[in-house]
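[1] Return a 3D structure for these sequence lines:
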Amino acid sequence: MDSPDCGRARLSPHWRPMHCAEPDPDAAAGVTGLPAPGPVPTPSRKRETLTRLLREARRAFSAHGLANTRVDDIARAAGITKQLVYHYFGSKEQLFASVLDESTQELLADLLTLELDHLPPTPALRLLLAHLFEQYRADPALSALAQESFRLHQHHAGHANRFTGLVPTLLRLTGSILARGVASGEFTPGVAPRMFLAAAGLLVTGGFNSRYVVSTLAGFDTSAPEGMDRWRDHAIDFALAAVRLQGGPTAGPPSAS
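    Numbers count the residues shown, from 1 in each chain. As a prediction, the model looks like this:
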């Protein structure tokens, strides 16, 4: 049981005997406007708070960028205090890294829901790349977050999001399609899944992540609906041509998910 001094310490933020326990910051920070410490949030309430916080942080970072986003604004939009944001994430950069983690997991999980084993190798690879493209078309925040992540990793080498740990799963999927293509005589042997995925991924998403450069060089606006379709078809056909044997089959579904 706390001593009387500890009870007095709770009423004064400037005085606390050393033997008194610190208040729970999670409970003390609480929801904006609560003047006194409350009970420790339940796991479900904490999950709801984190979900709301990450949603508002994603919206802010994609709209304003990492440098121009204020933690105060995110906290206010999420209905919590800035102290609680820092309690959970430590810094604005760590909050941004968590937003990247969540977006990456959602993107990859969506890609892995594709049923490709029943498709011939060329249509399967075409569908995989087309689905990646359509993810970026459907969610403009992905492009904004990707560009901000480039800046973060350029200046903060220690910040690596969870994508690194998720890459092997995507590599296995891509490698399986390439291997089936070699076995069927559609694809040239010796193509490294990692190199193909890196090149094809940058190519397919280039119209979003490097819109100005790609639009200028291609001669059309890759952010306009017709320009998006044109770049999607060109990028996927170009990627497939890199692995297809000369004279191999080219038929496949349209380059859309």
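[2] What segments of the protein are helices?
    Per DSSP state H, the chain carries helices over the ranges 4-10, 25-29, 43-68, 71-78, 82-89, 92-111, 121-138, 140-155, 163-184, 193-209, 211-218, 225-243.
[3] Give me the buried positions along the longest one.
    Buried residues in helix 43-68, counting neighbours by 16 or more other Cβ atoms under 10 Å, are found at 49-50, 53-54, 56-58, 60-62, 66. (Glycine included, C-beta is placed from N, CA and C.)
[4] by contact count, what packs against that helix?
    Counting contacts by 3 or more Cβ pairs under 8 Å, 6 or more residues apart in numbering; DSSP states H and E, helix 43-68 packs against helix 71-78, helix 82-89, helix 92-111, helix 140-155.
[5] Now do the last one, average pLDDT.
    Looking at helix 140-155 alone, the average pLDDT works out to 77.
[6] same check, this time on the longest one
    On average, the pLDDT along helix 92-111 is 89.
[7] what's the answer for the first one, then?
    pLDDT averaged over helix 71-78 equals 94, rounded to a whole number.
[8] just curious, which of the buried residues of helix 43-68 is nearest to Val243?
    Ser62 (33.2 Å; Cβ to Cβ).
[9] show me what contacts that closest one?
    With contact taken as Cβ atoms under 8 Å, 6 or more residues apart in numbering, Ser62 is in contact with 140-141, 144-145, 148.
[10] Let's see that with 10 Å instead.
    69, 99, 103, 139-148 (Cβ atoms under 10 Å, 6 or more residues apart in numbering).
[11] Quick check: it vs Thr69, distance?
    Look at Ser62 and Thr69: by Cβ to Cβ, to the nearest Å, they are 9 Å apart.
[12] joint contacts of those two?
    Glu148.
[13] Could you look over the helices of the chain and pick the most buried one?
    helix 121-138 (a mean of 21; mean count of other Cβ atoms under 10 Å).
[14] so what's Ser255 scoring on pLDDT?
    46.
[15] Excluding chain neighbours, give the residue nearest to the residue nearest the centre of the chain in space.
    Nearest to the geometric centre of the chain sits Ser103, at 2.7 Å (Cα atoms, centre = their mean). Nearest residue to Ser103, sequence neighbours excluded (Cβ to Cβ, 6 or more residues apart in numbering): Leu145, at 5.8 Å.
[16] That neighbour and Gly190, how far apart?
    With Cβ to Cβ as the criterion, Leu145 and Gly190 are 34 Å apart.
[17] ok, now Leu95?
    Taking Cβ to Cβ, one finds Leu95 at 43 Å from Gly190.
[18] now swap in Val167 and tell me
    21 Å.
[19] again, but for Leu128
    Taken as Cβ to Cβ, the span from Leu128 to Gly190 is 20 Å.
[20] for the stretch 151-257 of the chain, which spans come out with low pLDDT?
    For the stretch 151-257 of the chain, applying pLDDT under 70 flags the ranges 151-163, 247-257.
[21] repeat that for 50
    Counting by pLDDT under 50, the stretch 151-257 of the chain has low-confidence residues at 251, 253-257.
[22] Report the distance from stretch 175-189 to the chain centre.
    30 Å (Cα atoms, centre = their mean, to the nearest Å).
[23] Convert the C-alpha atoms of that stretch to CSV, please.
    Extracted C-alpha coordinates of stretch 175-189, given in CSV (Å, rounded to 0.1, in the frame of the first residue of the first chain):
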residue,chain,number,x,y,z
GLY,A,175,10.0,-18.4,-57.9
SER,A,176,7.3,-21.1,-58.2
ILE,A,177,5.7,-19.4,-61.2
LEU,A,178,9.1,-18.9,-62.9
ALA,A,179,10.0,-22.6,-62.3
ARG,A,180,6.7,-23.7,-63.8
GLY,A,181,7.3,-21.5,-66.8
VAL,A,182,10.8,-23.0,-67.3
ALA,A,183,9.3,-26.5,-67.0
SER,A,184,6.6,-25.7,-69.6
GLY,A,185,9.0,-24.2,-72.0
GLU,A,186,7.5,-20.7,-71.6
PHE,A,187,10.3,-19.0,-69.7
THR,A,188,14.0,-18.9,-70.1
PRO,A,189,15.9,-20.7,-67.4
